[in-house]
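> give me the fold of what follows.
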Amino acid sequence: MSAYILKRLLSIIPVLFGLSIIVFLVMSMIPGDPAIAILGSYATPENVERINRDLGLDKPLVQQYFIWIGNVVQGDFGRSFALNRPVLDEVLERFRATLILAGVALVLCSVMGLIAGVISAVRQFGWADKAITFVVLAGISMPSFWLGLILILLFAVRWRLLPASGMYAIYGGGDLKDLLLHLILPASTLAVVAAGVIARLTRAAMLEVLRQDFVRTARAKGLPERQVIYRHAFRAALVGVIPVIGIQAGFVLGGAVYIETVFQWPGIGAMLVKAISTRDILLVQGGVLIVASSHVLFNLAADVVQTMLDPRIRA
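Numbering: from 1, shown residues only. Next comes the predicted model:
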């Protein structure tokens with residue numbers, strides 16, 4: 001297992017290198033002069049030249065990239081001109097809030113999706129299967145930002161049951177209970193689509209496993225149906241579902257960008273939106289690189305868990 005994990009870790013190095021190139025090139029293709037966007041009304045020719053020199057924007061594009069990636073490898077992501085603080089400090093501070101939101105949403109969508117998929121497969125063509133299929137398709141079809149606005153309108157504005165925005169209450173609060181109350185709406189909104197995808201694929205995997213010979217053998221031995229489903233069939237189906245959960249973890253993390261904007265969650269998504277509007281290049285590059293790297297690591301973790309459940313994959 002250690003050799004397999006080391007092999008997988010080495011394989012993500014070129015992936016991260018390619019990600020860094022894509023992030024850098026996308027930012028370099030954004031129209032407009034970053035120096036003018038940073039300086040605003042103070043954008044005199046002298047000040048623009050000074051900012052371009054400080055940011056290294058007066059150098060060839062290839063040289064700019066290698067200077068930037070060389071600093072990143074050493075842990076120096078640069079300094080945000082808009083915030084006047086190191087990029088890495090700001091990104092890590094915001095990323096913690098995003099991880100809390102995405103982590104809770106991932107747990108919600110995994111639990112709901114797995115339970116719904118198993119019930120739907122066991123009760124195939126029954127009323128439970130039809131009801132779950134309808135709810136799942138409706139959830140997948142709804143845009144997350146629209147669902148978020150509807151939830152705010154109902155639970156925060158009309159019924160006044162939950163807070164509409166932020167991570168903590170402005171006055172008072174700040175404890176775990178306050179955090180959990182503020183998490184309910186954004187985490188639920190973020191989990192709906194991913195839960196639907198996991199439920200559909202869990203259902204398909206369970207239906208395939210339930211037709212296998214070892215399941216018929218377990219039933220022929222007189223094992224209780226609950227034990228056959230959850231101890232034998234579900235574990236076998238989980239091998240094919242784990243990679244999907246890993247992929248959905250990346251989508252949940254990426255979806256947090258606009259969900260954070262809707263709910264004013266102080267995470268990396270809200271930070272990136274503001275940084276793009278102010279053309280804070282180093283902050284955007286650092287934030288996107290951290291999010292993209294996390295996506296890759298989530299998929300790596302899913303591969304490792306899948307291998308632990310089915311060692312044949314290592315072959």
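> where in the stretch 51-200 of the chain is pLDDT low?
Residues of the stretch 51-200 of the chain meeting the criterion pLDDT under 70: 172-173.
> and the residue nearest the centre of the chain?
Leu253 (1.3 Å; Cα atoms, centre = their mean).
> just give me the neighbour total for the nearest residue to that residue once chain neighbours are set aside.
Closest residue to Leu253 apart from its sequence neighbours, by Cβ to Cβ, 6 or more residues apart in numbering: Ala102 at 4.8 Å. C-beta here means a position set from N, CA and C on the backbone, and glycine is covered the same way. Ala102 sits with 31 neighbouring residues when counted by other Cβ atoms under 10 Å.
> one more: the one 5 residues further on?
Per other Cβ under 10 Å, the neighbour tally for Val107 reads 12.
> any buried residues in stretch 64-71, and which?
64-65, 68-69 (16 or more other Cβ atoms under 10 Å).
> got any ranges where the stretch 201-315 of the chain has weak pLDDT?
Using pLDDT under 70, the stretch 201-315 of the chain drops low at 311-315.
> after the helix or strand Met27 falls within, which helix or strand is next?
Counting by DSSP states H and E, the element that carries Met27 is helix 2-28. As assigned by DSSP H and E, the chain's next helix or strand after helix 2-28 is helix 34-39.
> counting contacts, what elements does that following helix pack onto?
helix 45-55 (3 or more Cβ pairs under 8 Å, 6 or more residues apart in numbering; DSSP states H and E).
> by contact count, what packs against the helix holding Met27?
In terms of contacts (3+ Cβ pairs under 8 Å, 6+ apart), helix 2-28 is packed against helix 61-73, helix 281-309.
> can you tell me which of those is most buried?
Mean neighbour count (mean count of other Cβ atoms under 10 Å) peaks for helix 281-309 among these, with a mean of 20.
> now do that one against helix 2-28, angle only.
150 degrees (axes from the mean of the first three to the mean of the last three Cα atoms, to 10 degrees).
> so, if you compare the buried residues of stretch 64-71, which one comes nearest to Leu297?
Checking the buried residues of stretch 64-71 against Leu297 by Cβ to Cβ gives Ile69 as the nearest, at 18.6 Å.
> could you check how many residues crowd around the nearest residue to the closest one once chain neighbours are set aside?
Distance criterion Cβ to Cβ, 6+ apart; nearest residue to Ile69, sequence neighbours excluded, is Ser20 at 5.5 Å. For Ser20, the count of nearby residues is 20 (other Cβ under 10 Å).
> isn't Ser20 up against Phe66?
No. In this structure, Ser20 is not within contact of Phe66 by Cβ atoms under 8 Å, at 10.6 Å.
> please tell me how far Gly240 sits from Val291.
Distance of Gly240 to Val291, given as Cβ to Cβ, to the nearest Å: 27 Å.
> I misspoke; the intended subject was Ser110.
Remark: distance between Ser110 and Val291 (Cβ to Cβ) = 20 Å.
> near Ile132, how many other residues are there?
22.
> remind me what whichever strand or helix holds Leu149 packs against, helices and strands.
Leu149 belongs to helix 144-151 when assigned by DSSP H and E. On a contact count with 3+ Cβ pairs under 8 Å, 6+ apart, helix 144-151 meets helix 176-210, helix 234-263.
> so what touches that helix?
If you take Cβ atoms under 8 Å, 6 or more residues apart in numbering as the criterion, helix 144-151 is touched by 185-186, 188-190, 192-193, 255, 258-259, 262-263.
> ok, stretch 285-301 next?
8-9, 12, 15-16, 19-20, 23-24, 27, 68, 72, 77-78, 87-88, 91-92, 94-95, 98, 243, 246-247, 249-250, 253-254, 268, 271-272, 275.
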